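Peer 1: This is a predicted model, with the sequence first.
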Amino acid sequence: MKVSSYLKEIGYIYLIPFIIYLINPFGIGFLFGYALILVILLNGKKMIHYLDRDFIFLSLFSITYALFYAVYPISGVQLIFIYALFPGFFYLFGKYLVLPQMNPVHLVFVLFTIGFIFSISPLISVVINLREGGFVQLNREIPLFWNGKDTKATLMAAYLTFNMCLPIIYLIKKTKIPILLQLTAGIIFITSLLSVFRLGSRTQLFICLLSIVLSLLFVIPKQTIRANTKLFFFLLLISILVLNFVPLNLNADYFSVLGSRLQESGNTSSAGGRTSLWLQGLENLFIYPLGWQGPNVRYAHNLWLDVARYAGLLPFLLLVIFTFRSLRNTYKAVRKAPNELLLNTTLLIFTMASMLIFFVEPIMEGLFFLFTLYCLFQGIINAYLKSNE
């Protein structure tokens, strides 16, 4: 299927507000999220057959969370509607993006393209910062190029999550990918990796390593000896190039931020001090079933515990149900066609990478865009899982 044919069949009336939502210019992307929802509602006949149990659990969670937020709308009244509507509708739109005639390579292309568009604004901001000040900068906050607003490195790096999964397309050679796309993916990955070094994000570095390890675990047992030999020499060549041209020294300029953080062994072992917050959050689940807030209460730095902190046990349980259902659906999708190694690895690593971010960051109050994108990906996974049944 040609890209132009796919875009035309999906419809630009859907795609334009969706793309602008992902880019989020001047922080007004949520307005285009509203526009996308409006278009979906106006064309409800196309979407009604996508309703399922996952949509119900997700919508129940988002609506109950929005109702609790409405009691104390600390970040603005508009978030009531954003929390209530966006997760469910983006899930439906994800199902809509999967066409019956799509092959696995097309689906992989769609997933990585969405991930790249999602990263554009932070990626450009970090590149501009690197051009102006290089790697030897101690301040981890990066001004967003749209408005110059300083943004925390952990929030900025989270937008690069899916770009850090790109190595899998080079390790799984069973699927032929055009050279031009491989070169483009390589440029995006290297730029994202340099941005991760500038931001000092250990989480993103781990996601990159995880994608490589999972790819190898998937592909090696299912390839011929000849194919594995080629893979071995490819990895050997890459290793030689890295060792010869990249100084692996924690004192190197590009390691200025990340190197110092990697040497904080005590901080790393406690997930940046988050483990104590998680334990405290688990205790508070039983002490404060309606949530716990106050001037001295800190983020739990965990999606599920932060939901419980702000809105109590009911939204927490609904989110846990949706989470387990989404993990089950990903597992079933990976097992649907065992020989589709590239697609299976992409679905698995996108889900695992999202979960890793969810475990260490306050998502609903800091990275809600990422959560809506996860809901969209789950819609894509479910649509693929139910295709050709």
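Peer 2: Done, it's in. Please read all numbers here as calculations on a predicted model, not as lab measurements. Numbers count the residues shown, from 1 in each chain.

Peer 1: Would you state the helices of the stretch 251-389 of the chain in chain order?
Peer 2: 258-262, 265-269, 274-287, 303-311, 313-336, 341-360, 363-366, 368-386 (DSSP state H, counting those that start in this stretch).

Peer 1: In CSV, list these along with mean neighbour count.
Peer 2: C-beta: built from backbone N, CA, C; applies to glycine. Output for those, formatted as CSV (neighbours: other C-beta atoms under 10 Å):
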stretch, mean neighbour count
helix 258-262, 17
helix 265-269, 10
helix 274-287, 14
helix 303-311, 24
helix 313-336, 18
helix 341-360, 21
helix 363-366, 20
helix 368-386, 23
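
Peer 1: Select from the ones you listed the stretch with the lowest mean pLDDT.
Peer 2: In terms of mean pLDDT, the lowest-scoring of these is helix 265-269 (a mean of 52).

Peer 1: so who does residue 162 touch?
Peer 2: Contacts of residue 162 were listed using C-beta atoms under 8 Å, 6 or more residues apart in numbering, and they are 111, 112, 114, 115, 116, 118, 119, 350, 353.

Peer 1: Mind checking which of those are in strands?
Peer 2: Counting by DSSP state E, the contacts of residue 162 place none of their members in strands.

Peer 1: Mark which of the residues you listed are part of helices, please.
Peer 2: Using DSSP state H, the members of the contacts of residue 162 that fall within helices are 111, 112, 114, 115, 116, 118, 119, 350, 353.

Peer 1: Can you give me the distance of the first one to residue 235?
Peer 2: When C-beta to C-beta, to the nearest Å is applied, the distance between residue 111 and residue 235 equals 24 Å.

Peer 1: With the fifth one instead?
Peer 2: Between residue 116 and residue 235 the distance is 25 Å, computed by C-beta to C-beta.

Peer 1: the more surrounded of the two?
Peer 2: residue 116 (20 against 14; other C-beta atoms under 10 Å).

Peer 1: all strands for the protein, in order.
Peer 2: Under DSSP E, the chain gives strands at 142-143, 150-151.

Peer 1: winner for burial among those strands?
Peer 2: Of all those, strand 142-143 has the most neighbours on average by mean count of other C-beta atoms under 10 Å, namely a mean of 20.

Peer 1: what are the pairing partners of that strand, and which direction each?
Peer 2: Paired neighbours of strand 142-143 in the sheet (DSSP bridges): strand 150-151 (antiparallel).

Peer 1: roughly how far is the partner strand from the heart of the chain?
Peer 2: On the basis of C-alpha atoms, centre = their mean, to the nearest Å, strand 150-151 sits 20 Å off its chain's mean C-alpha point.

Peer 1: For it, report the contacting residues that lie outside it.
Peer 2: With C-beta under 8 Å, 6+ apart as the test, strand 150-151 has contacts from 122, 125, 141, 142, 143, 144.

Peer 1: Report the mean per-residue pLDDT for it.
Peer 2: What strand 150-151 shows for mean pLDDT is 88.

Peer 1: which residues of the stretch 1-150 of the chain fall in helices?
Peer 2: 3-10, 12-23, 29-42, 44-47, 53-71, 78-96, 104-133.

Peer 1: To residue 282, which of those helices lies closest?
Peer 2: Across these, residue 282 has its closest neighbour in helix 53-71 (19.2 Å, C-beta to C-beta).

Peer 1: so how far is that closest one off the chain centroid?
Peer 2: The answer for helix 53-71 is 21 Å, by C-alpha atoms, centre = their mean.

Peer 1: Return the angle between stretch directions for it and helix 368-386.
Peer 2: Comparing the axes of helix 53-71 and helix 368-386 via axes from the mean of the first three to the mean of the last three C-alpha atoms, to 10 degrees yields an angle of 160 degrees.

Peer 1: Does anything pack onto helix 53-71? Which helices or strands?
Peer 2: Helix 53-71 sits against helix 78-96, helix 303-311, helix 313-336, helix 368-386, with contacts defined as 3 or more C-beta pairs under 8 Å, 6 or more residues apart in numbering; DSSP states H and E.

Peer 1: Need the residues that contact the second one.
Peer 2: Contacting residues not belonging to helix 303-311 are listed as 64-65, 68-69, 277-278, 281-282, 284-285, 291-293, 297, 299-300, 315-316, 319-320, 323, 358-359, 361-365, 371 [C-beta under 8 Å, 6+ apart].

Peer 1: now swap in the first one and tell me
Peer 2: For helix 78-96, the external contacting residues (C-beta under 8 Å, 6+ apart) are 10, 14, 18, 30, 33-34, 36-37, 40, 46-47, 50-51, 54-55, 58-59, 61-63, 65-67, 69-70, 73, 364, 368, 371-373, 375-383.

Peer 1: let's see it at 7 Å
Peer 2: Helix 78-96 is touched from outside by 30, 33, 36-37, 40, 46-47, 50, 54-55, 58-59, 62-63, 65-66, 69-70, 73, 371-372, 375-380, 382-383, with contacts defined as C-beta atoms under 7 Å, 6 or more residues apart in numbering.

Peer 1: okay, and for the stretch 1-150 of the chain, where does confidence drop off?
Peer 2: For the stretch 1-150 of the chain, the stretches with pLDDT under 70 are 1.

Peer 1: Out of the contacts of residue 162, the closest to residue 77 would be?
Peer 2: Nearest to residue 77 among those, with distances taken as C-beta to C-beta, is residue 118, at 26.1 Å.
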